[in-house]
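Participant: No sequence on hand, only this structure:
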C-alpha cells in the first residue's frame, strides 16, 4: 500500500465533498436562467459562494469562481496589469509558483511589462528592504505587486501585511497567491483588503475539494480587465456558465477545512516535527529548507536537500518503496532542472538539484511518517551513489 505524502500537489477528496458533488450533478438548471429550475441552481450556487466567502473572511460578492488556482492567478495578474495601464512594472519575489512566473513572463514578452524579481532571503522570505527600494525608485510606474502567502515548495510564510503596507502607501494593488496556504493558515480578506490587498487566489483541490474549481477573491474596490468575455457573469469579471456542482463541493470542503484547521494544524505540526527529526537523524547530510521556526512555515511542509543526490532519483526510489513524495511543484514534475525556489534562496545548482518536498494532510498518521523514515536511508544511499557516479571527474558538475 502506498503512503501518500504529497498533499501540496493535491489532496484526496473529502467523502462529504464527493457526495455533495454527485448529488448536485443530478440537479438540472442553468443558474443564469430565470425559471424555477434555474433559480434553484442559482440558490445552490450562491449558498456555496457564501460558504467559500466565509472561509476567507470576504463578502460573497467578492468570490469569483474560476477553473482553478492557475486561472485565478492569471486573472488577477493580467487583469490588474491591464487595468493599471500605462503603468508597466510588476514586482514579485523570486521563487514564485510557475502560475505566477509564467504569467508575468508572458506579459513581459507580449504586452511590454517590465518585471523586477525581488530577492528572497536564505529562508525563502521576501526581502522587504529590496521591495521598498524597488517601489520608491518610481512608484508611479508600478502596476502591481504579487506574491505567495506561503511558498509552495519550502513552506515559508510570507509577510503579506508588511508587503501590503509598502505598496498601499503608493496606491499599488497587491495580489496574493494563497493556493498553498489556504486551509493551513487563517485568512481574513476583509482585514487584508483594508490593508491594501486587492486580490487573493485559492483552489478547491488543495483542501479536499474537486479539481477544476478555484476562486479569485476580488475586493469590491479592485478593477480588473477580464480574461474571458461572454455573458457577464460574476461582476463581468469571469463570464461563462458557472459549475454549480463543483461550487457546492468546494463549499463543503472549505467549511470542513476551516472548522478542522486549529486542531489539524497542531496534529500536522507534530507529525512534521517527527518527520524532520527522523530525517536529520537517519541522514545527517540532509538540510532542512525554509524557516526552521515552526511559526514561520506551513505546518504540513517539510523540505530537504540531499547534496550529491538528484531529487528525481530519490523520488523514484521512494516511489518503488511505496512512498509518494515530490521534488517541488507538481506543475514541474518530470522536468529535470534545479529548484528555482532554492536558487532564488541563494543555493547552488547542485544543492538545488537534491530537493525533496514532503507534505502531510488529513489522511496521514504516525505510521505513514515511520514508513517514509524506514524507506529513506536505503533510497538516499542508492541515489547518492548514482549521483557520485554521474559527476564529472574532479568537478562538482553533473554530466
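Facilitator: Nice, I can see it. Please read all numbers here as calculations on a predicted model, not as lab measurements. Numbering: from 1, shown residues only.
Participant: Based on its surroundings, how many neighbours for the closest residue to residue 119 other than its chain neighbours?
Facilitator: Spatial nearest neighbour of residue 119, chain neighbours left out: residue 127 (4.6 Å); criterion: C-beta to C-beta, 6 or more residues apart in numbering. From N, CA and C alone the C-beta is placed, and that goes for glycine too. When neighbours are counted by other C-beta atoms under 10 Å, residue 127 registers 15.
Participant: now swap in residue 23 and tell me
Facilitator: Residue 23 has 12 nearby residues by other C-beta under 10 Å.
Participant: Also the one 10 residues further on?
Facilitator: The tally of other residues near residue 33 (other C-beta under 10 Å) stands at 14.
Participant: host element of it?
Facilitator: Residue 33 belongs to no helix or strand when elements are defined using DSSP states H and E.
Participant: check contacts around it.
Facilitator: 39, 41 (C-beta atoms under 8 Å, 6 or more residues apart in numbering).
Participant: Next one: it from residue 41, what distance?
Facilitator: 8 Å (C-beta to C-beta, to the nearest Å).
Participant: right, and residue 96 touches residue 145 too?
Facilitator: No - counting by C-beta atoms under 8 Å, residue 96 does not reach residue 145; the two are 11.5 Å apart.
Participant: tell me the domain ranges of the protein?
Facilitator: Domain assignment for the chain by automatic domain parsing gives 3-9+260-390, 15-255.
Participant: Check the ones you listed for me: which has the lowest mean pLDDT.
Facilitator: Here the lowest mean pLDDT among the domains of the chain goes to domain 3-9+260-390, at a mean of 92.
Participant: Which one of residue 96 and residue 145 is surrounded by more residues?
Facilitator: residue 145 (31 against 25).
Participant: same for the helix or strand the more buried one falls within, what does it pack against?
Facilitator: For residue 145, the enclosing helix or strand under DSSP H and E is strand 142-148. For strand 142-148, the packing partners by 3 or more C-beta pairs under 8 Å, 6 or more residues apart in numbering; DSSP states H and E come out as helix 69-83, strand 89-93, helix 98-111, helix 128-137, helix 160-168, strand 174-177.
Participant: Could I get the ones you listed in a markdown table, plus columns for mean neighbour count?
Facilitator: Converted to a markdown table, these look like this (neighbours: other C-beta atoms under 10 Å):
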| stretch | mean neighbour count |
| --- | --- |
| helix 69-83 | 24 |
| strand 89-93 | 25 |
| helix 98-111 | 17 |
| helix 128-137 | 16 |
| helix 160-168 | 20 |
| strand 174-177 | 28 |
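Participant: Identify whichever of those lies nearest to residue 356.
Facilitator: Among these, helix 98-111 comes nearest to residue 356, with 18.7 Å by C-beta to C-beta.
Participant: quick revisit: what's the strand holding residue 145 in contact with?
Facilitator: 76-77, 80-81, 84-85, 87-93, 96-97, 100, 104, 113, 126, 131, 134-135, 158, 160, 163, 167, 170, 172-178, 180-181, 198.
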